[in-house]
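In: for reference, the sequence and a predicted model appear below.
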Amino acid sequence: MKLKIKVVPKSSRNSVAGWVGDTLKVCVNAAPEKGKANLAAQGILAAALGLPKDKVRIVSGLTSARKLVEIGELSEAEIKQKLCAD
């Protein structure tokens, strides 16, 4: 399953902020340098979905705020259910 996300770096806290249309907003403390914000976003999503970090992988947008993330082991319905419950 692929999911569109928008990463907001240098936020006051790490969190899944919710949906903006079909894009999930993810706030991270990390700065957008040397992949730190990307790694933080992957970790936050994995934790929110109850998955190991290696099941959440950024497949495009590594240097952009808008990214496409591939999530293994869960269906679209399961992902939306877990993320809407927050």
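Out: Sure thing, it's come through.
In: tell me how far residue 64 lies from residue 78.
Out: 27 Å (CB to CB, to the nearest Å). Quick note: C-beta positions are derived from backbone N, CA and C, even for glycine.
In: can you dump the C-alpha coordinates of stretch 13-26 into PDB?
Out: Only the C-alpha atoms of stretch 13-26 are listed here, as PDB (Å, rounded to 0.1, in the frame of the first residue of the first chain):
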ATOM      1  CA  ARG A  13       6.600  17.400  18.900                       C
ATOM      2  CA  ASN A  14       6.600  14.200  16.900                       C
ATOM      3  CA  SER A  15       3.000  13.300  15.900                       C
ATOM      4  CA  VAL A  16       0.700  12.200  13.200                       C
ATOM      5  CA  ALA A  17      -1.300  15.400  12.800                       C
ATOM      6  CA  GLY A  18      -4.200  14.000  10.700                       C
ATOM      7  CA  TRP A  19      -5.400  14.000   7.100                       C
ATOM      8  CA  VAL A  20      -5.400  17.000   4.700                       C
ATOM      9  CA  GLY A  21      -7.400  15.700   1.800                       C
ATOM     10  CA  ASP A  22      -5.700  12.400   0.800                       C
ATOM     11  CA  THR A  23      -2.400  13.300   2.400                       C
ATOM     12  CA  LEU A  24      -1.300  12.500   5.900                       C
ATOM     13  CA  LYS A  25       0.400  15.200   7.800                       C
ATOM     14  CA  VAL A  26       3.300  14.000  10.000                       C
END
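In: buried sites along that stretch?
Out: For stretch 13-26, a neighbour-count test (16 or more other CB atoms under 10 Å) marks 15-16, 24, 26 as buried.
In: contacts for that stretch, please.
Out: 3-8, 27-29, 40-41, 44-45, 48, 66, 83-84, 86 (CB atoms under 8 Å, 6 or more residues apart in numbering).
In: which of these fall within helices?
Out: 40-41, 44-45, 48, 83-84 (DSSP state H).
In: next, the distance between the ends of stretch 68-83.
Out: End-to-end span of stretch 68-83 (CA to CA, to the nearest Å): 16 Å.
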